[in-house]
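Undergrad: Predicted model follows, preceded by the sequence.
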Amino acid sequence: MNYKLVARITGFTLLIEAAAMLLPLIVSLLYKESPIPFLVSILIICAAAVGPVTLLRPRQEFFAREGFFTVGLIWVLFGVFGALPFRLSGEPQFASFVDCFFETISGFTTTGATILTDIERLPHGLLFWRSFTHWLGGMGVLILTAALLPMLGISSNFLIRAESPGPVKSKLVPRASQSSKILYGIYLALTAAEAVILRIVGMDWFDAVTHAFANAGTGGFSTRNASIAAFNSPAIEMVCTLFMLLFSINFAVYFLVITGKARQALKSDELRFFLGMVAIATAVIAWNLRDYYGSIWECLRYAVFQVATVVSTTGFVSADFDLWPELSKVILVVLMFVGACAGSTGGGMKCSRILVLYRSAKREVRSIVHPRAVEVVRLDGAPLSERTLQTTQSYFIINIFLVFSMAMVVGLDNFSFGTTLTAVVTCINNVGPGLEAVGPTCNFSALSALSKLVLSFAMVLGRLEMYPILVLFSRSAWRRS
């Protein structure tokens, strides 16, 4: 393990976090609030990070092991240092550092689960930082770092490989750093477009920008206690629904459209599966809600918003779906597992993995009927290697194993089965709200410190798709050779 290089990259990334805190510091000054929490946090981060960046001169050997190890380490440290402004604010809701860490990890992993009982009493600076963590984590803090690492003469290939979601890795262009810049360009453009449109349809600029940050990262932190429902605006809901779905689509699709390959983009198996799933789920839930709302328009309005917010793993709320019929709740929980497309800012297992699992299972069934037949599993017309199939199956097994293992720990708090299980499911899939005591109108504040730490661990596991964090617990990863 090249510890010096890991330390240098980690320090460099933490300096990016310190630079990001300048924005909420400026917001605090604009609203005549104390900038001290952010100023002190920036100084602490710089004191911890400047040394490794400026003093270490490691050998430039950076392989897969270092990549996975570095990504896991950075995401944990980002949560620790990112929690400082909350803890230093003196807000009673952030009296415990565990609560601060939970809220920050929930932000960076774009989960949106919260321990706050009164969001609207927080100062603007903290609200801005809270939503901005979604934006930073949505595309990936290491994707941003990867775009800048060539400044240090370090290859970023393994960082992108370790952080990018999905069973099949691909770059938009040959150079990884250039791919990162293209991704962030698309990300910035979509975020800015949503902020402007939200301002036009009724939000003030602060709410428009913070909700655009939360939507772009598919995180779901709102500046209002009632989330999007507080605005009671069909127009705002429609805009959020549209952008939740847009940010759930693989960004490579947008790159293909921009480069004049729209027809190729529309042939994506995953894209068609995702859109079909959203349409079917919306139709079934709207039908299931026919006795709950006064018109088919209202049924569709709330159904499509909640389907979009859950499948994109955003976590915004326009209605208390915990009060909906059981069929609707079951569909939403299933969508929590499935999630968005690979290569998007959404969480969950990813539609491409579900497609691969389905086609792999279908092949196994056919092999029983025709044992001598040779069938290849394909995605977008391309054959998938047996290694890819094994990795996808392993990911599914590990995901289910971890869900029930962590549910047993959270179960020590003696909440209901629905609360306990959906708390883990919503955190490991980076969705936000669960059911019952952690439902859309509730929060995670009543859970014990142990449960909050376990769920924080679940959020990071889900965001990094297990392996970078599991590498941290592998003894072989800590060996020097």
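TA: Cool, got the structure.
Undergrad: element containing Val403, please.
TA: Here Val403 sits within helix 386-410, counting by DSSP states H and E.
Undergrad: Give the buried residues for that helix.
TA: Of all the residues in helix 386-410, those buried under the rule 16 or more other CB atoms under 10 Å are 388-389, 391-392, 395-396, 399, 402-403, 406-407, 409-410. For glycine as for every other residue, the C-beta is placed from the backbone atoms N, C-alpha and C.
Undergrad: Next: stretch 26-43.
TA: By neighbour count, with 16+ other CB under 10 Å as the criterion, the buried positions of stretch 26-43 are Val27, Ser28, Glu33, Pro35, Pro37, Phe38, Leu39, Ser41, Ile42.
Undergrad: what ranges of the stretch 351-481 of the chain fall below the confidence cut-off?
TA: Counting by pLDDT under 70, the ranges of the stretch 351-481 of the chain that qualify are 468, 471-481.
Undergrad: Over to the chain?
TA: Ranges of the chain meeting pLDDT under 70: 1, 55-66, 140-179, 468, 471-481.
Undergrad: before we move on, the earlier item: now for the buried residues of stretch 26-43, which pair is the farthest apart?
TA: Greatest spacing in these, by CB to CB: Glu33 and Ile42 (15.9 Å).
Undergrad: residues contacting His124?
TA: Shown in contact with His124 (CB atoms under 8 Å, 6 or more residues apart in numbering): Val27, Ser28, Leu30, Tyr31, Glu33, Phe206.
Undergrad: Please flag which of those sit within strands.
TA: Judged by DSSP state E, strands contain none of the contacts of His124.
Undergrad: Can I get these in a markdown table including distance to Ser89?
TA: Converted to a markdown table, these look like this (distance: CB to CB, whole Å):
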| residue | distance to Ser89 |
| --- | --- |
| Val27 | 13 |
| Ser28 | 10 |
| Leu30 | 17 |
| Tyr31 | 14 |
| Glu33 | 10 |
| Phe206 | 18 |
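Undergrad: Quick one: residues contacting Gly217.
TA: Thr110, His134, Trp135, Leu136, Gly137, Gly138, Met139, Phe247, Thr345.
Undergrad: Now, these that are in helices?
TA: Using DSSP state H, the members of the contacts of Gly217 that fall in helices are His134, Trp135, Leu136, Gly137, Gly138, Met139.
Undergrad: Can you spell out which helices and strands pack onto the helix or strand hosting Ile9?
TA: Assessed by DSSP H and E, Ile9 sits inside helix 3-20. Helix 3-20 sits against helix 36-55, helix 64-82, helix 124-139, helix 141-148, with contacts defined as 3 or more CB pairs under 8 Å, 6 or more residues apart in numbering; DSSP states H and E.
Undergrad: now it and helix 64-82, what's the angle there?
TA: Angle of helix 3-20 versus helix 64-82, following axes from the mean of the first three to the mean of the last three CA atoms, to 10 degrees, is 40 degrees.
Undergrad: For the residue lying closest to Ser96 once chain neighbours are set aside, what are phi and psi?
TA: When the adjacent residues along the chain are set aside, Ser96 lies closest to Ala449, with 7.0 Å between them (CB to CB, 6 or more residues apart in numbering). Torsion angles at Ala449 (phi, psi; degrees, to the nearest 10) stand at phi -60, psi -40.
Undergrad: got the angle between the helix holding Ile9 and helix 124-139?
TA: Going by the same axes, to 10 degrees, helix 3-20 makes 130 degrees with helix 124-139.
Undergrad: tell me how far helix 3-20 is from the chain's mean position?
TA: Centroid separation for helix 3-20 versus its chain: 21 Å, with CA atoms, centre = their mean, to the nearest Å.
Undergrad: Determine the angle, from 0 to 180 degrees, between that helix and helix 36-55.
TA: If you take the same axes, to 10 degrees, helix 3-20 sits at 150 degrees to helix 36-55.
Undergrad: buried residues in stretch 414-434?
TA: Within stretch 414-434, the residues scored as buried using 16+ other CB under 10 Å are 415, 418-434.
Undergrad: which ones among those residues are found in helices?
TA: Checked against DSSP H, the buried residues of stretch 414-434 include these in helices: Gly418, Thr419, Thr420, Leu421, Thr422, Ala423, Val424, Val425, Thr426, Cys427, Ile428.
Undergrad: possible to save those residues as CSV with distance to Lys261?
TA: Listed next are these as CSV, based on distance: CB to CB, whole Å:
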residue, distance to Lys261
Gly418, 45
Thr419, 46
Thr420, 46
Leu421, 42
Thr422, 40
Ala423, 42
Val424, 40
Val425, 36
Thr426, 36
Cys427, 37
Ile428, 35
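Undergrad: Now flag whichever of those is closest to His211.
TA: The nearest member of these to His211, counting by CB to CB, is Thr426 at 20.1 Å.
Undergrad: Show the backbone phi and psi for the residue nearest to that closest one when sequence neighbours are not counted.
TA: Spatial nearest neighbour of Thr426, chain neighbours left out: Gly434 (4.2 Å); criterion: CB to CB, 6+ apart. Torsion angles at Gly434 (phi, psi; degrees, to the nearest 10) stand at phi -110, psi -130.
Undergrad: Contact partners for Gly434?
TA: Here Gly434 is in contact with Gly418, Thr419, Thr422, Ala423, Val425, Thr426 (CB under 8 Å, 6+ apart).
Undergrad: residues contacting the first one?
TA: I take that to be Gly418. Counted by CB under 8 Å, 6+ apart, Gly418 has contacts Gly434, Leu435, Glu436.
Undergrad: how near is it to Ala458?
TA: Separation of Gly418 from Ala458 (CB to CB, to the nearest Å): 17 Å.
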